[in-house]
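Participant: Show me the folded form of this:
(chains A and B)
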Amino acid sequence: MKILVCITHVPDTTSKIQFAANNTKLDTTGVQFIIGPYDDYALARAVELRDQTGGKLTVLNVGEAETEPTLRKALAIGADDAIRVNAFPKDSFFVAIQIAHYAKEGQYDLILMGRESIDFNGGMVHGMVGELLGMPSFSPVMKLDLEGSTVKMAREIEGGKEMIEAQLPLIAGCQEPIAEWKIPNMRGIMSARTKPLNVVEPVSQETQAEATSYQLPPAKGAVKLIDKDQVGELVKLLKNEAKVL
Amino acid sequence: MSILVYIEHAEGKVKKTSLEAVSFANALAAQTGEGEVVAVALGTVDQAELASVGKAGAAKVLHGADARLDAGVIQAHASAVAQAFQKVGAKTLVLAKSSLGDAVAARLAIKLQAGLVSNVVELPNTSGGYTVKRSIYTGKAFAETAVTTENKILAIKKNAIDLRTDGADASVENFDVQLSDADFAGKITATERATGEILLPEADIVVSGGRGMKGPENWGMIEDLAKVLGAATGCSKPVSDIGWRPHHEHVGQTGVKVAPSLYVAVGISGAIQHLAGVNSSKCIVVINKDPEAPFFKAADYGIVGDAFEVVPKLTEALKAEL
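Facilitator: Numbering: from 1, shown residues only, chains lettered A, B, ... in the order given. Below is the predicted model of the structure:
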């Protein structure tokens, strides 16, 4: 069983987002980067499945050298080896092309990643990789179990879920509660230092939809406080001023 | 030449977010001269319901009535929409951002060799190139995105565009979709849907509770307020983590992102991750006994007070007024 988990390297969820260089790139001053939270779920489930079935778990990130601590963390959590595709992830299509290229070489049975990254929120890469490799793709997957070569999944739909059965190989975009996040222990952290982290060069590819500049939303006006004994006043404001009732 | 819109429906009703996508496409066609708006709907839907898509600005609806398409089989829907795209000679596909829409659009981006932009919040700027404004960092920022391909796919963020309702009924045309076994690689064995509830991702009003509610036994108060408002109920992440409320009610950066007209937060302090999930709401009301709760900085209206006193009074006041 060969499992590939693709992770993103994203600002921590508590980060205040600001831009630099005339609003053309993220201002990373004071920003802590983490494994994308949805990717963390995918990784946690992949570690369990690898332990259950044996085989090998590889983690991949498309990113420049600064993403290596994120990959090392994934190794500490339980991945056996790592691939860093040495390129700035310019758009979803560019990233999908890189993943598909290395996934094809690796002949993986199962490819997992988060349902979306928490920076660009596109939720596109799993489907693009699926189409590029001619493999079925499912997202957002909240439960995934293996029974031989049959994969039993639950996919979230608006207001409910679908139970799905499919055959390996496949790709899933994951979300909670597929597994509990795993925190690296000291043994994992020590062993991660010696696990292979292979840097490979990207496949040449033009972008299709690349962000060129960024903006922050307009500043919010001050809150209008209403006395707790005057709730009727709030109802009037919602009806007549905000016009939302 | 036409603009194609992928329509989603649930229990026979076309989703409001899909009608927003049609409205967007209608305004885009007027801007770019890309001809008429054609919608494509898959699976079992009533003809009159499909014709009413015209009110949002579609001239025609292609209906692929194959019952195998009733469930959201991602690959089959992607194949069917690709066929519709070729049939109408479209260069642009518009759809609503949703869990199914994202998954289908991603595969279509490769099939159609189309630049895909998700979370679109405005009509594209087509004066010299083609740039699209999209919401990123879970609503904490926007990105201008340059699309360089001839074919384009735009996934529209909920509530980002005014719904058009004054169009004429659309003509509904049978659409014969050619599907292979490979399109049905995943077999849907069961579907569980919450019944009788207003769905959180689609709701126009949302009432959410946080740890300030002190326990799941107090949720009746949130539900009463939601009922009088015709709202969906949500919760903060700690509440779903503790198990007071189900996971699918978790509103926030890693939960459900909502964009209602009115968001009412009760006993939620306003962690940055929660704010990221609600910051697209048109109006935010915060009820919290802590006047220093960070959520007040993001709110339009606030009441500093004990939820157990304020919420029942608010429910009664709303009953009297609505």
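Participant: secondary structure element for the residue nearest to B:Asn218 when sequence neighbours are not counted?
Facilitator: When the adjacent residues along the chain are set aside, B:Asn218 lies closest to B:Phe308, with 7.5 Å between them (CB to CB, 6 or more residues apart in numbering or on different chains). Any C-beta I mention is one placed from the backbone N, CA and C, and that applies to glycine too. Assigned by DSSP states H and E, B:Phe308 falls within helix B:307-321.
Participant: Show residues contacting that helix.
Facilitator: Surrounding helix B:307-321, the residues in contact under the criterion CB atoms under 8 Å, 6 or more residues apart in numbering or on different chains are A:228, A:231-232, A:234-236, A:239, A:245, B:209, B:212-213, B:218, B:221-222, B:224-225, B:228-229, B:266-267, B:287-289, B:303.
Participant: in that helix, what's buried?
Facilitator: Taking 16 or more other CB atoms under 10 Å in any protein chain shown as the neighbour-count basis, helix B:307-321 is seen to contain the buried residues B:307, B:310-311, B:313-315, B:317-318.
Participant: can you check stretch B:166-174 too?
Facilitator: Taking 16+ other CB under 10 Å as the criterion, stretch B:166-174 shows B:167, B:170, B:172 as buried.
Participant: contacts with chain A among the residues you listed, please.
Facilitator: Taking CB under 8 Å from any CB of the partner chain, there is no overlap between the buried residues of stretch B:166-174 and the neighbourhood of chain A.
Participant: Quick one: mark the members of those that sit in helices.
Facilitator: Secondary structure defined by DSSP state H assigns none of those to helices.
Participant: Turn these into JSON lines, including distance to B:Ala21 and pLDDT.
Facilitator: Below are the buried residues of stretch B:166-174 laid out as JSON lines (distance: CB to CB, whole Å; pLDDT from 0 to 100):
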{"residue": "B:Gly167", "distance to B:Ala21": "14", "pLDDT": "94"}
{"residue": "B:Ala170", "distance to B:Ala21": "14", "pLDDT": "96"}
{"residue": "B:Val172", "distance to B:Ala21": "18", "pLDDT": "97"}
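Participant: Whichever residue of the stretch 201-322 of chain B sits closest to chain A and B:Val120: what is the separation?
Facilitator: Taking CB to the nearest CB as the measure, the stretch 201-322 of chain B has B:Gly305 as its residue closest to chain A, at 3.2 Å. Between B:Gly305 and B:Val120 the computed distance is 39 Å (CB to CB, to the nearest Å).
Participant: can you check B:Ala58 too?
Facilitator: If you go by CB to CB, the gap between B:Ala58 and B:Val120 works out to 18 Å.
Participant: Equivalent analysis for B:Met1, please.
Facilitator: Using CB to CB, one obtains 20 Å as the distance from B:Met1 to B:Val120.
Participant: Neighbour count for those two, which is higher?
Facilitator: Neighbour tally, B:Met1 and B:Val120, criterion other CB atoms under 10 Å in any protein chain shown: the higher count belongs to B:Val120, 23 against 13.
Participant: And the pLDDT at that one?
Facilitator: Confidence per residue is given as pLDDT, and for B:Val120 that number is 97.
Participant: Please name every helix or strand in contact with the helix or strand hosting B:Phe296.
Facilitator: Using DSSP H and E, B:Phe296 sits within helix B:295-298. Applying 3 or more CB pairs under 8 Å, 6 or more residues apart in numbering or on different chains; DSSP states H and E, one finds that helix B:295-298 makes contact with helix B:272-278, strand B:283-288.
Participant: Tell me which strands the last one pairs with, and in which orientation.
Facilitator: Based on DSSP bridges, the pairing partners of strand B:283-288 within the sheet are strand B:262-266 (parallel), strand B:301-304 (parallel).
Participant: what's in contact with it?
Facilitator: Contacts with strand B:283-288, where a contact means CB under 8 Å, 6+ apart, come from A:223, A:234, A:238, A:242, A:244, B:212, B:261-270, B:278, B:293, B:295-296, B:298-305, B:307, B:310-311, B:314.
Participant: thinking again about what came up before, next, the buried residues of the helix holding B:Phe296.
Facilitator: Along helix B:295-298, these residues count as buried under the neighbour rule (16+ other CB under 10 Å): B:295-296, B:298.
Participant: in which helix or strand would I find the residue in chain B that chain A sits nearest to?
Facilitator: When distances are taken as CB to the nearest CB, chain B approaches chain A most closely through B:Ala106, which lies 2.5 Å from it. In this structure, B:Ala106 is located in helix B:99-111 according to DSSP H and E.
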